[in-house]
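Novice: got a predicted structure here, sequence first:
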Amino acid sequence: MDVKAIKEQFPILQQEVNGHPLVYLDSSATSQKPIQVIEAVSDYYKYNNSNVHRGVHTLGSRATDQYEGAREKVREFINATSTKEIIFTRGTTAALNLVASSYAKENVGPEDEIVITPMEHHSNLIPWQQVAKATGARLVYLPLQEDGTISLEDVKNTVNEKTKIVAVAHVSNVLGTINPIKEITEIAHQHNAIMVVDGAQGAPHMKVDVQAINCDFYAFSGHKMCAPTGIGVLYGKQELLENMEPIEFGGEMIDFVNLYDSTWKELPWKFEGGTPIIAGAIGLAAAIDFLHEIGQDEILAYETELAAYALEQMQTIDGIQIYGPKKRAGLVTFNLDDVHPHDTATVLDAEGIAVRAGHHCAQPLMKWLDVTATARASFYLYNTKEDIDLLVAGLLKTKEYFGNGFE
Ligand code: 7TS
């Protein structure tokens, strides 16, 4: 991978921040966008902007072709069987809420259990809390191993005939744990439960094959994989989606409307009420082209190498706490002794280094870690080992600053 050439394709990364070249280490929150994606969106608005699925005019059919072409691109990206299984949503959060509001509320009852983990992002946690409240079902948490991984033994001991849904992150946005979702799916299916994967931190960083995983739903966001904000995907197995009711009603999603009742369009459109996220889908298609060109296996290998290097270098800092397993995706969550993570992030920002500090929308996980907040450096295909060296230098400076200032 020619990372220098890749980085040059990201205009935003060419700037200085606070007098230093920008080191962007917050891609788990949102990735930056390459020029190809920015131009795909801008070209759409310059030359093809029109609503889809309605006009017979030329712009309308160009926009429709591009929008539906993006769906085919997504289908291929995750190896779904059919474009009927690809629902465009606003992002991972909206995709998971769709499963909870439509599938779960119909298929879960008071005697049932929903199994999740303490490492879930709030987006894969609160919707299930709401389902549990609405249906009387019990929310059951898988335990975590000390290093923040899931043991399949625990999955076997937790999932049983009462389990209707198992919902797990592909990759933790805090610990970097890569969960064995294929194996968990197999256990869920042995008990006739469905498997929902929160792929927000998975799909951007590794090849996802939904048929090989055999999960029932897989949700992800475009903005974490070089595409614009506002576009995401819910993959669902066709037989499940066929039997689900839409949760948004209005234009675009109907077949016939009578005075007192209506019928829905076929999949996938019955779940896409209103004017869809046309420019977002076109941007997502351009992002998929961009990632394909580099190679998803290459991206994963490179990020794994970056994560190993970051762990090795960061561990040399006295008084650093690093959370999560050794084998991990491209992110490192940490705390410096006696320094609040917001202060760490503030000092790093003065050096042009962007990291995230806070609870990372995973408050139950913060409790499990016994901290109120952490700092997190997260990497993507445009980061380099030099970025990590600068991070380590910035952290040493942070320690020095607070050591001198407050002791
Ligand atoms: N699930 C996981 C595992 C995530 O990391 C995120 C976003 C979401 C769901 C929600 O995605 P959205 O696109 O719908 O917002 N994670 C983060 C993060 O780690 N920092 O900012 C957003």
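Specialist: Received, thanks.

Novice: near the ligand, which residues of the stretch 251-400 of the chain are found?
Specialist: Residues of the stretch 251-400 of the chain lying close to the ligand by Cβ under 6 Å from any ligand atom are Arg356, His360, Cys361. Placement of C-beta: from N, CA and C, glycine included.

Novice: hmm, try it at 5 Å
Specialist: His360 (Cβ under 5 Å from any ligand atom).

Novice: please apply the same query to the stretch 1-150 of the chain.
Specialist: Ser28, Ala29, Gly91, Thr92, Thr93, His121, Ser123.

Novice: OK, contacts around the fifth one?
Specialist: It stands for Thr93. When contacts are counted by Cβ atoms under 8 Å, 6 or more residues apart in numbering, Thr93 touches Ser123, Ser221, Gly232.

Novice: go again using 10 Å as the cut-off
Specialist: His121, His122, Ser123, Asn124, Ile126, Pro127, Asp198, Ala200, Ala219, Ser221, Gly232, Cys361 (Cβ atoms under 10 Å, 6 or more residues apart in numbering).

Novice: separate out the buried members of those.
Specialist: Neighbour-count burial within these applies to His121, His122, Ser123, Asn124, Ile126, Pro127, Asp198, Ala200, Ala219, Ser221, Gly232, Cys361; the criterion is 16 or more other Cβ atoms under 10 Å.

Novice: quick one: the fifth one and the ligand, what's the gap?
Specialist: If I follow you right, that is Ile126. Relative to the ligand, Ile126 is positioned 11 Å away (Cβ to the nearest ligand atom, to the nearest Å).

Novice: could you measure from that residue over to Gly403?
Specialist: For Ile126, the distance to Gly403 (Cβ to Cβ, to the nearest Å) stands at 39 Å.

Novice: just checking, what packs against the strand or helix carrying Ala357?
Specialist: Under the criterion of DSSP states H and E, Ala357 resides in strand 356-358. With contacts taken as 3 or more Cβ pairs under 10 Å, 6 or more residues apart in numbering; DSSP states H and E, strand 356-358 sits against strand 331-336, helix 341-350, strand 374-378.

Novice: single out the most deeply packed of the ones you listed.
Specialist: strand 374-378 (a mean of 27; mean count of other Cβ atoms under 10 Å).

Novice: how far does that strand sit from the chain's center?
Specialist: Between the centre of strand 374-378 and the centre of its chain there are 16 Å (Cα atoms, centre = their mean, to the nearest Å).

Novice: tell me where the stretch 101-250 of the chain has helices.
Specialist: 105-107, 126-135, 152-158, 181-190, 210-213, 238-242 (DSSP state H, counting those that start in this stretch).

Novice: which residues touch the fourth one?
Specialist: Pointing back at helix 181-190 there. Applying Cβ under 10 Å, 6+ apart, the contact partners of helix 181-190 are 115, 117, 142, 150, 152, 155-156, 158-161, 163-171, 180, 193-199, 202, 208-209, 212-216, 218.

Novice: now swap in the first one and tell me
Specialist: Helix 105-107 has contacts (Cβ under 10 Å, 6+ apart) with 99, 130-131, 134-135, 164-165, 194, 240, 243-245, 247.

Novice: need the max-distance pair from these.
Specialist: Spatially, the most separated pair among these is Gln130 and Asn243, at 20.9 Å (Cβ to Cβ).

Novice: more neighbours: these two, which one.
Specialist: More crowded of Gln130 and Asn243, by other Cβ atoms under 10 Å: Gln130, with 15 against 11.

Novice: circling back to that earlier point, can I get the helices and strands packed on strand 356-358 in TSV with mean pLDDT and distance to Gly109?
Specialist: Below are the helices and strands packed on strand 356-358 laid out as TSV (pLDDT from 0 to 100; distance: least, Cβ to Cβ, whole Å):
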stretch	mean pLDDT	distance to Gly109
strand 331-336	98	37
helix 341-350	98	42
strand 374-378	98	38
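
Novice: of all those, which lies closest to Lys46?
Specialist: Ranking these by proximity to Lys46 (Cβ to Cβ) places strand 374-378 first, at 33.1 Å.

Novice: now for the closest one, which elements pack on it?
Specialist: helix 296-314, strand 320-323, strand 331-336, helix 341-350, strand 353-354, strand 356-358, helix 385-406.
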